[in-house]
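Engineer: Requesting a structural model of the entry that follows:
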Amino acid sequence: MSLPLCISKLKRVSPVVVAIVATFVVSAAVVLLVSPPSSMLANVIPTQPLNLASASKIAYSAKWNTLSGAMPQLVGHRGEKAFMPEHSLASYWQAALEGADYIEPDLGLTKDGHLVVNHNEYLGESTNIATITSLAHLKTNKTWIDDTTGMNQTVTDEWFICDMTLEQIKMVRINQDARYPWRPQHFNGIFGVLTFEEYLQTILNLTATLKRPFGVIPELKSPKLYNRGRPYDRYFEDRAILTLEHYGWANITRWINRALHADLNLQNISHEFAGMQKGPSAWQSFDLDTARYLAQYTDAPVVALVEKLPWAFTPKGLDRIAEFAKIISSWKDLYIAGPAAFLESSGISWDEKEIADMGGFIDAKDLARETHARGMELSPYTFYDSHQDMGYLCTATSGTTFCPRNRKEELFYFFELGVDYLFVENIVEASTLRLEYNNMLK
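Structural biologist: Next up, the predicted model:
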């Protein structure tokens, strides 16, 4: 039976069954559908078989350059979006089956106060919402402060999560990004948008089923947008905190008015998960005010996402971030091209005197060392599937001392730097290369 015909038959059964079966179908079909050319295989495929789902349980004797000396952890970027529609139930299953250490959700807040998982603040790019006529009236324009730059951004002709109820969002189905023809399109229209609670239940289920813990690392997207018109200005953050606490991944360290969130109606946790060892947790946000708030109100470590804030890549800037964050996460080219070249290419200007007063830009090769010196770990993003362009400036400009030619050179460079986490797609490749590098260290 052909793969498309198989999937068409699967659509007649329950979405949960489809999710479980589909992930195993893709696991078996990955090599046939999306394996790299033979000339590249030597860079990404090991010479010995590897049980990827249990790879992180291997007792490594090698000493890495990470802050802890342990091997770096792999974060499944939006699940496993190289093969499955991002943030879908299947994407999370696929990431777990491929051996991710953490599985990432991005959080938004519906009009009626439900936390849902989606990368963008809107649904047009990643779902079939444009085909649902009953939701057409919700298409609009919106302006809000971009967390990455602190400046206003405007998005037009879109369906925004904050304008929709959960019931409306549950009508929508997720699609794979069609810009990348090597990504399977067979699973489009099957999986719905998950709530944060459904994501956490999925991670619990995966932990029990695969008998290994997985880390949760939710990112709070655009808090200033999602807090508009809410009862108070940290409503979005507090609903996320209360949900993560309920499922045992965080303890609340300061008072939150729970009465304002009585409508959360969080489900009782199944007895089968009682006492089960869960993986670690961490928060993420580009909004550094939100990141600081999360650090103050829970004991879960915070990942400060910084990309286009020039001051952050100075000695005093790192000192400031280290006051509340345990991990710093930035676009990977900052560690190759360096802050000045990257910011300039992104159209970001800076005050030369301010940067000089803060100690000047730290050289690309020294960013990891300076981060570790302040007790923070490092988590660059995003390391794509080897079919996709890596996205470095040095592929289009000259003057960079190092420019990776393939994914093996890319990951080995960052392993040598001592990064502690990596946001990755095609986790099979990344896990394989991590094992190969570890074997070189022994």
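
Engineer: show me where the stretch 201-350 of the chain has helices.
Structural biologist: Secondary structure of the stretch 201-350 of the chain, counting by DSSP state H, counting those that start in this stretch: helices at 223-226, 235-246, 288-297, 315-322, 339-345.

Engineer: Need the ones you listed in a markdown table (columns: distance to Leu115).
Structural biologist: Every residue, glycine included, has its C-beta placed from N, CA and C. Converted to a markdown table, these look like this (distance: least, Cβ to Cβ, whole Å):
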| stretch | distance to Leu115 |
| --- | --- |
| helix 223-226 | 9 |
| helix 235-246 | 6 |
| helix 288-297 | 14 |
| helix 315-322 | 26 |
| helix 339-345 | 32 |
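
Engineer: With mean neighbour count as extra columns, can I get those helices in a markdown table?
Structural biologist: Compiled in a markdown table, the helices of the stretch 201-350 of the chain are given as follows (neighbours: other Cβ atoms under 10 Å):
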| stretch | mean neighbour count |
| --- | --- |
| helix 223-226 | 22 |
| helix 235-246 | 22 |
| helix 288-297 | 20 |
| helix 315-322 | 18 |
| helix 339-345 | 19 |
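
Engineer: Compare these and give me the one nearest Arg369.
Structural biologist: helix 315-322 (10.9 Å; Cβ to Cβ).

Engineer: Centre of the chain to that closest one, how far?
Structural biologist: 23 Å (Cα atoms, centre = their mean, to the nearest Å).

Engineer: Other residues contacting it?
Structural biologist: If you take Cβ atoms under 8 Å, 6 or more residues apart in numbering as the criterion, helix 315-322 is touched by 288, 304, 306, 309, 311-312, 328, 357-360, 362, 370-371, 374-376.

Engineer: Export the helices of the stretch 201-350 of the chain to CSV and append columns for mean pLDDT.
Structural biologist: Shown next, in CSV, are the helices of the stretch 201-350 of the chain (pLDDT from 0 to 100):
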stretch, mean pLDDT
helix 223-226, 97
helix 235-246, 98
helix 288-297, 98
helix 315-322, 98
helix 339-345, 96
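
Engineer: closest one to Leu393 among these?
Structural biologist: helix 339-345 (5.6 Å).

Engineer: which residues sit against that closest one?
Structural biologist: 308, 310, 313, 331, 333-334, 337, 350, 361-362, 364, 367, 393, 400.

Engineer: which one of those residues has the most neighbours?
Structural biologist: The most crowded member of these, judged by other Cβ atoms under 10 Å, is Phe313 (29 neighbours).

Engineer: where does the closest residue in space to Pro404 that isn't next to it in sequence land on pLDDT?
Structural biologist: Excluding the flanking residues, the one nearest Pro404 by Cβ to Cβ, 6 or more residues apart in numbering is Glu410, at 3.8 Å. Glu410 carries a pLDDT value of 97.

Engineer: element containing Glu410, please.
Structural biologist: helix 407-417 (DSSP states H and E).

Engineer: Now do stretch 194-209: distance to the chain's middle.
Structural biologist: Counting by Cα atoms, centre = their mean, stretch 194-209 comes out at 16 Å from the chain centroid.

Engineer: Strands along the stretch 101-250 of the chain, start to end?
Structural biologist: Under the criterion DSSP state E, counting those that start in this stretch, the stretch 101-250 of the chain carries strands at the ranges 102-103, 106-109, 115-117, 139-145, 152-159, 215-216, 219-220.

Engineer: no no, the stretch 301-442 of the chain
Structural biologist: Using DSSP E, counting those that start in this stretch, strands in the stretch 301-442 of the chain cover 302-305, 327-329, 377-378, 421-424.

Engineer: could those strands go into TSV alongside distance to Pro105 and mean neighbour count?
Structural biologist: TSV is the format used below for those (distance: least, Cβ to Cβ, whole Å; neighbours: other Cβ atoms under 10 Å):
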stretch	distance to Pro105	mean neighbour count
strand 302-305	13	26
strand 327-329	15	24
strand 377-378	20	24
strand 421-424	13	25
